[in-house]
Every structure is written in structure tokens, then in C-alpha cells.
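Student: Please find the sequence and the predicted model below.
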Amino acid sequence: MSALTPKGPYWVTVRQHRRVLWAVPAFVAAALAVTVALRVGAGDPYSGPSPVPLPDRGYDLLRLFLQSAGGVLVFLPSLVGAFVAGPMTARELESGTWRLALSQSTTARAWLGAKVAVAAGVSVLGSAALVGVYRLGWGRVFGTYQLHWADRGPYQAGGPVLVAYCLLGVLVGQLVRRTLAAMAVTGLLVGLVMLALGALRWSLLPVQTVITSLPSGRSAEGLPGSALLMDFGLVTAAGGRLPADACVERTGRLYDCPADMDVTGRYVEFHPASHYWPTQLLETSLILALSAGLLYAAFRLVRTRRQG
Amino acid sequence: MTETVIEAEGLGLRHGRRGGWALRDCSFRLREGRVCALVGPNGAGKSTLLTLVARLALPTEGTVRTAPPEALAYVGQDKPLYPQLTIAETLRMGRELNPGRWDAGAAERIVEGLELDPRTRVRALSGGQRTRVALALALGKRPALLLLDEPMADLDPLARHRLMGALMADAAEHGTTVVMSSHILTELEGVCDHLLLVDGGRIRLSGPMDQVQAAHRLLTGPVAARAELAAHTVVETRTTGRRITALVRPRGPVDGRTWETVHPSLEELLLAHLRSPDAPPFAVDDLLAGTEVPA
């Protein structure tokens, strides 16, 4: 036997889920093939002398593919969690095979460890490969409409957060037990965590602020084209902030403000594109911390459920 | 040299915080090398007791000391196996999960009786065939203590006889202690040398089979002599016409002129206890019992 052949509970886990283990690389390979083909087939609509992009079917197809792929990959962590909760965990509990496994010479912790390790390893490698494939396609159309660095979908599909969320899915799936309803609950829980962290995401790093004085200030002044706009409005001499349309009610024009309002300028709050990696890494660390907590809980649970 | 393999003290399990007790106040000791019959009606607590001894559940109260996990094999009532694995892969699993202990020969001897291609998937097996594979997995582990929950329920009488023979030969050869539950009394008679009768979540009879049987008498005599029975512990009485038949635990000499005395069969003994749930329990501590162990 080669050194690569898994041993003990690892062998059993791998053998039990052999089909899925083959399906993962097959899916990654298919995704890679499609992405490469679309990338090769995409022309450059900005290659002509005109500043207006030329119609290019290949380019549009690649953009459409990446937009939908981003939307689909957001659900990958829930899918991973549902698989771990259902076929890997709940099925063993329902069919009673956990008794078979735990009445062998391996301890419950070794058994759980093998399951978590195999599921986590496959999920991390598989999702990392998909992130790589996604970035391969994304690089060609990066920053175009809905494929901006901060857009929901591409943001998750093209960064380490997806890998971390998949890991989280594995651990939530291990923890939610008992019935096949666990699959739905797990999918939902992972989705909720993703929504919660998504809402928190742009508060992780402080925004940058640009203040331009009235009346000269133009809207985009000081704001990089790739920036993620968070908030904008008016500033007063006292440093207070007013909504952008505060003057419209009085004067009918955006930036024509009555003197008594004491408006001195406009502010724009934004995340520059350079915040992409720090935000990805901060979010990833938060998910990993959450996963570590879940892993601890899973092993605590197995210790209290059964001696030894 | 005799050693205790199972020592249960005040063992109890309750389902949920307010649920009923599946097993309560269960104390007994079992000596190494015993073949113990765990009998009782359905729902009596037999499976619960085996699950607790196998450490697949934590007791709500009490303790159980038993063989370490690697020396203990358990075959559940539903014979759980991975359906997607083949027979050969199931045995390979036994080897993988019991490193350094696995006895491939013992496992294969049990599976050979199936006369099936080892590449057959478990999901394609009948109930009886699954039983064989589950037992092969248990015996391949070379356990010191083998716990079997209704092991023969899925088998026809001939297969049952053959498999029981193979099982007993293996156990005798290696000095394995066996505890097997059943509600089919004849399945266990003649094979087991120790008895545990569980009913209503409590142990009613416990001890070496011969001593439990020796402690009971089936008396038949005239109804008029009924009062004489008060001198003994009466398990059950039945009146037919002017004759009375009583299963008793004698506490003194029985008048042979009034009473016709016979030793009850195992079945008579068990049925009498099951019909009389209020009869006091009877226990012989296996470790304090005589040292002579029936062959």
C-alpha cells in the first residue's frame, strides 16, 4: 500500500464518501475548462479607437458567466454544511451505524476527528481551487459592472473568505445533529452567518473620507474610480453632517445652500480598492475564529455524550 | 483464576429529563468466560442494558465497569452496517478500525458461510446475511466481551443453529465472555450458563443458570395444603381443580408425601416470573457463587 492510502477511520470516511470525493475534482476540472474556454474566447471591446466599447459576444458571455458563478458560489458554504449535516452525520445517527463505528477500537474523538479532517480538507482544497478558477476568469473582466472588487458574489467567490465559509459549513454541519432536517438548518445557519458578516464587512476597516469645499466641489473629486462608496453628504462649518439633499428642500438645487445652514462643503466616505485584501483577511480570521469555537464545541459534545 | 468482566451497580437510564426509566437499579456481576442469556419481553430494557455496557450511552445513574473499548464488541439489534460498502470492504473496515487486534481468519470463517461474492454490497444482503457480516465484524475484533442484541432474530432455524454453533465454538476457543439478549427462550437454553431476566426495566433473576434453577422448585399438591406454601418464597401459584401447582424458592424442607416436587425447566421458570411481576427478585452474585463452572 502506498503511503498516501489513508488509515483507520480516515480510510472508512474516505471509502464511505468515495463518490463525492471524486465528484469534487471533477467539478473543479469542469469549471476550469469552461472558464479557460470563455476567457480564451473573450475579445477586447476596448481595443478599438473609440472610447465606446465595441460589442463583443465572447466578452459579454464571460461576464455573464462570472456574474452567475459568483451568485452560485455564495451558496457553496451552505451546500457543504448541508452535506456534512445530512449524508455524513445525520445518516449515521439515523441508521445507527455510529454504534458500529464507535464499538470498534477507535475512540469517539478519533472518529469525529477523521470525519472533520476529511470534510474540512476536501472543502478547503475544493473551494480554494474554485476561488482560483474564479479569479482566473475575473482577472479578464475585473472592475466591470457588477464585477467590481467589492460586489456581492465576486467578493466572496474570488477570495479566501469563501474557503473560510466552507470550513465553517463543515463545522456547523458536524454540530447540528439528529435528523435530516439538520441539512436545512445547517444551510440556513451558514447563510445567516454569511449575511451577518456581510452586514459587518464594511465596518471592519475605517472608511476614508474626502471633504471638498463648496461651491467648487465636484462629486467625484478625490474619489478613486474603483472605490466602494459608503456615504456622502454635506458638512457644516461646525463640523456637523447633513444629508446630501438638505439644501434641495430650501433652494431647489443640490449645492446651492442658504447661508443660515452654514454649509461649507461636501464629504464622501469610501473604501479604496486597497481595502480588498485587508477586508478579506479580517473577515476570514473572524470566520476561522468562529470555526475554531465550533470545533471545540463538537469535541466537547462528543466527550459528554460518551465516555472515553 | 476468575475475573469480573462486567460489574454494574445501581445502573439506570432515563430517556430525557422527564421521560420514563428504561432501566433502573440494575446491579450484577459477571465472571470471565460466562455465556450469559439476557432475557425478557420486548421493551423490558435488554437493549438499554447492552447499550450501557457497550458505553454507547451514558447512564443516568449508577456505574458500570467493564472491558476496555478495544476488547469489547457489540452487535446492535438492527445490525447497522454501511450499505454502500461491499462485504470485503466491511471486513477491511474492521481491520482499519482495530489495528493490531484484527483476526481476519475468524471474520472470514463466519462470512464464508454466506457463500457470496465478497464484492457484494451490504445493501444487497438479506437480514440474515447482514447478521453474519455484523457477527464477523464483531468476532474479527477478538473481543474479550461480546455483546449481542437479539443476534439471531433474522435467521431461519437451521441458519440460527449453525451460526450459534460457530459463535459458541469461537467463544469457547478464546474464552470469550458473551452476553446475548433474546425473547426466544429456546434459542438460549443449552448454550448459556448464566441468566439475567430483565422485566419492566429491572433485573428479576440473576445468577449462574444451574444455581438459579436449583433454587426453584415446581410443587404440585392438593389445594387443601396451600397454607404450607407460606413457608417458602412463592413466585406463582396456579390452581386446576383440586390440585395446586406452585413455583417456589424453598426456604426449608418440602414434605415429599404432600407435594410432588420437580425442578422447573428454564422456560417454566422464566414464564412464571414474567406472569408474576410482583414476585421478589432473586440474585446470586456470580463472584460469590461456587467456583465450579459448568462446562
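Tutor: Happy to help now that I have it.

Student: Look at B:R162 and say how many residues are nearby.
Tutor: Other residues near B:R162 number 13, with proximity taken as other CB atoms under 10 Å in any protein chain shown. C-beta: built from backbone N, CA, C; applies to glycine.

Student: for A:Y296, that is, sorry about that
Tutor: A:Y296 sits with 11 neighbouring residues when counted by other CB under 10 Å.

Student: Give the other helices and strands that the host helix or strand of it contacts.
Tutor: Using DSSP states H and E, A:Y296 maps to helix A:276-305. Packing partners of helix A:276-305 (3 or more CB pairs under 8 Å, 6 or more residues apart in numbering or on different chains; DSSP states H and E): helix A:108-141, helix A:160-175, helix A:181-200.

Student: Check which residues of that helix are buried.
Tutor: Using 16 or more other CB atoms under 10 Å in any protein chain shown as the burial criterion, the residues of helix A:276-305 that qualify are A:276, A:279-280, A:282-284, A:286-287, A:290-291, A:294-295, A:298, A:302.

Student: Just want the angle from it to helix A:160-175.
Tutor: Counting by axes from the mean of the first three to the mean of the last three CA atoms, to 10 degrees, helix A:276-305 lies at 10 degrees to helix A:160-175.

Student: what angle separates helix A:276-305 from helix A:108-141?
Tutor: Interaxial angle, helix A:276-305 versus helix A:108-141 (the same axes, to 10 degrees): 160 degrees.

Student: Report the contact partners of B:D25.
Tutor: For B:D25, the contact set (CB atoms under 8 Å, 6 or more residues apart in numbering or on different chains) comprises B:G10, B:L11, B:G12, B:G62, B:R202.

Student: And B:W259, by the same measure?
Tutor: Contacts for B:W259 (CB under 8 Å, 6+ apart) come out as B:L219, B:T220, B:G221, B:A225, B:E228.

Student: Those into JSON lines, with extra columns for pLDDT, distance to A:Q67 and secondary structure?
Tutor: Formatted as JSON lines, the contacts of B:W259 follow (pLDDT from 0 to 100; distance: CB to CB, whole Å; DSSP: H, G, I helix; E, B strand; the rest coil):
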{"residue": "B:L219", "pLDDT": "94", "distance to A:Q67": "91", "secondary structure": "strand"}
{"residue": "B:T220", "pLDDT": "94", "distance to A:Q67": "91", "secondary structure": "strand"}
{"residue": "B:G221", "pLDDT": "93", "distance to A:Q67": "95", "secondary structure": "strand"}
{"residue": "B:A225", "pLDDT": "90", "distance to A:Q67": "97", "secondary structure": "helix"}
{"residue": "B:E228", "pLDDT": "89", "distance to A:Q67": "96", "secondary structure": "helix"}
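
Student: got the contact list for the longest helix belonging to chain B?
Tutor: The longest helix of chain B (DSSP state H) is helix B:157-174. Helix B:157-174 is contacted by residues B:35, B:106, B:109-110, B:113, B:128, B:131-132, B:135, B:139, B:142, B:146, B:151-152, B:155, B:176, B:178, B:187, B:191 when judged by CB under 8 Å, 6+ apart.

Student: and the helix or strand bottoming out on mean pLDDT in chain B, what does it pack onto?
Tutor: Ranked by mean pLDDT, DSSP states H and E, the weakest helix or strand in chain B is helix B:185-188, scoring a mean of 72. Using 3+ CB pairs under 8 Å, 6+ apart, the elements in contact with helix B:185-188 are strand B:35-39, helix B:266-275.

Student: Can you tell me the element the nearest residue to B:L125 once chain neighbours are set aside falls in?
Tutor: Excluding the flanking residues, the one nearest B:L125 by CB to CB, 6 or more residues apart in numbering or on different chains is B:V133, at 6.8 Å. Secondary structure from DSSP H and E places B:V133 in helix B:127-140.

Student: Now that helix: average pLDDT?
Tutor: Average pLDDT, helix B:127-140: 92.

Student: quick one, it and helix B:157-174 angle?
Tutor: Using the same axes, to 10 degrees, helix B:127-140 lies at 0 degrees relative to helix B:157-174.

Student: Which element is encountered next along the chain beyond helix B:127-140?
Tutor: Following helix B:127-140 in sequence, per DSSP H and E, is strand B:145-149.

Student: Tell me the neighbouring strands of that following strand, and mark each as parallel or antiparallel.
Tutor: Strand pairing for strand B:145-149, determined by DSSP bridges: strand B:72-75 (parallel), strand B:177-182 (parallel).

Student: just the helices and strands packed on helix A:276-305: most buried one?
Tutor: Burial of those is given as mean neighbour count (mean count of other CB atoms under 10 Å in any protein chain shown); helix A:160-175 ranks first at a mean of 27.

Student: what's that helix packed up against?
Tutor: helix A:76-83, helix A:108-141, helix A:154-157, helix A:181-200, helix A:276-305.

Student: Can I take it that A:M88 is in a helix?
Tutor: Yes. Assessed with DSSP: H, G, I helix; E, B strand; the rest coil, A:M88 lies in a helix.

Student: one step back: pLDDT on the helix holding A:Y296, on average?
Tutor: The model assigns helix A:276-305 a mean pLDDT of 89.

Student: cool, and stretch B:271-285?
Tutor: In the prediction, stretch B:271-285 has an average pLDDT of 91.

Student: picking that back up, just the angle between the helix holding A:Y296 and helix A:76-83, please?
Tutor: 10 degrees.

Student: How far does helix A:276-305 sit from its chain's centre?
Tutor: Chain-centre distance of helix A:276-305: 15 Å, with CA atoms, centre = their mean, to the nearest Å.

Student: pLDDT below threshold where in chain B?
Tutor: For chain B, residues meeting the criterion pLDDT under 70 lie at B:1-2, B:289-295.

Student: now the strands for it?
Tutor: B:4-14, B:21-31, B:35-39, B:61-65, B:72-75, B:145-149, B:177-182, B:194-199, B:202-208, B:217-222, B:233-240, B:243-249, B:260-262, B:282-283 (DSSP state E).

Student: Kindly present the ones you listed as TSV, with separate columns for distance to A:E249.
Tutor: Compiled in TSV, the strands of chain B are given as follows (distance: least, CB to CB, whole Å):
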stretch	distance to A:E249
strand B:4-14	70
strand B:21-31	74
strand B:35-39	86
strand B:61-65	74
strand B:72-75	78
strand B:145-149	80
strand B:177-182	84
strand B:194-199	84
strand B:202-208	83
strand B:217-222	105
strand B:233-240	97
strand B:243-249	100
strand B:260-262	109
strand B:282-283	92
